[in-house]
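Asks: return a 3D structure for these sequence lines:
(2 chains)
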Amino acid sequence: GEDVEQSLFLSVREGDSSVINCTYTDSSSTYLYWYKQEPGAGLQLLTYIFSNMDMKQDQRLTVLLNKKDKHLSLRIADTQTGDSAIYFCAESLLSARQLTFGSGTQLTVLP
Amino acid sequence: NAGVMQNPRHLVRRRGQEARLRCSPMKGHSHVYWYRQLPEEGLKFMVYLQKENIIDESGMPKERFSAEFPKEGPSILRIQQVVRGDSAAYFCASSPGTGGRVGQPQHFGDGTRLSIL
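Replies: Numbers count the residues shown, from 1 in each chain, chains lettered A, B, ... in the order given. All right, here's what the predicted structure looks like:
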């Protein structure tokens, strides 16, 4: 079955790098996504990666995919207070269009 | 270029009433998805629709919940005879339908927060 897991909390100091981790179980995942949710708001698509890629970089964001271990990570360089939010990992499968989400990681950036 | 529009942002209903949640997809998007987020949880898929068709409703409760996406107008998620457990944030997402390519990113609205008294 489908299962996406994330650690619940992460705290970092402003200016440091943040690394948010995610594991998934379904090997037929096609795309993996990172979304950001600020309080009271919807989900903002940050980046996504196709399952045949190992890495994708977009400005301060770096996504790493280890398909063998079914492990996905999001690295945020030079983390700012505005990066404080909940970050969701999600997968989509070849057989279905809907996304399966993890429970989210609450990132707190300390001054 | 407007994003996914959901209304109302907040909806309060008493037990037994009906709740109607509306979603207008992004311009050019023909696929709509509804998700539910319970407090301090991730989003759970409910239903996937294209214009005038329900494609996958495997995440919808069997009773009281229904969804439609008519030829004209927004997609509607309807909850009849609401109960306290229906209190949640309901999010709509849309994606393009061109070519039917799997994996096209879904763009989310700001959600409707439903509270049941």
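Asks: so who does the residue nearest in space to the middle of chain B touch?
Replies: The residue lying closest to the centre of chain B (Cα atoms, centre = their mean) is B:W34, at 3.2 Å. By Cβ atoms under 8 Å, 6 or more residues apart in numbering or on different chains, the contact set of B:W34 is B:C23, B:F45, B:M46, B:V47, B:L49, B:A67, B:S75, B:L77, B:Y90, B:F91, B:C92, B:A93. No exception for glycine: its C-beta is placed from N, CA and C like everyone else's.
Asks: one more pass at 6 Å, please.
Replies: B:M46, B:V47, B:L77, B:C92 (Cβ atoms under 6 Å, 6 or more residues apart in numbering or on different chains).
Asks: which ones are touching the second one?
Replies: When the contact criterion is Cβ under 6 Å, 6+ apart, the partners of B:V47 are B:W34, B:E57, B:M60, B:A67.
Asks: out of those, which is nearest to A:R75?
Replies: B:W34 (31.5 Å; Cβ to Cβ).
Asks: picking that back up, residues near the nearest residue to the residue nearest to the centre of chain B once chain neighbours are set aside, how many?
Replies: In space, and not counting its chain neighbours, B:W34 is closest to B:M46: 4.4 Å by Cβ to Cβ, 6 or more residues apart in numbering or on different chains. Counted by other Cβ atoms under 10 Å in any protein chain shown, the residues lying close to B:M46 total 22.
Asks: repeat for A:S17
Replies: 12.
Asks: assumed the residue nearest to the centre of chain B was part of a strand.
Replies: Yes - per DSSP: H, G, I helix; E, B strand; the rest coil, B:W34 lies within a strand segment.
Asks: gap between it and A:L72?
Replies: Going from B:W34 to A:L72 by Cβ to Cβ, to the nearest Å gives 25 Å.
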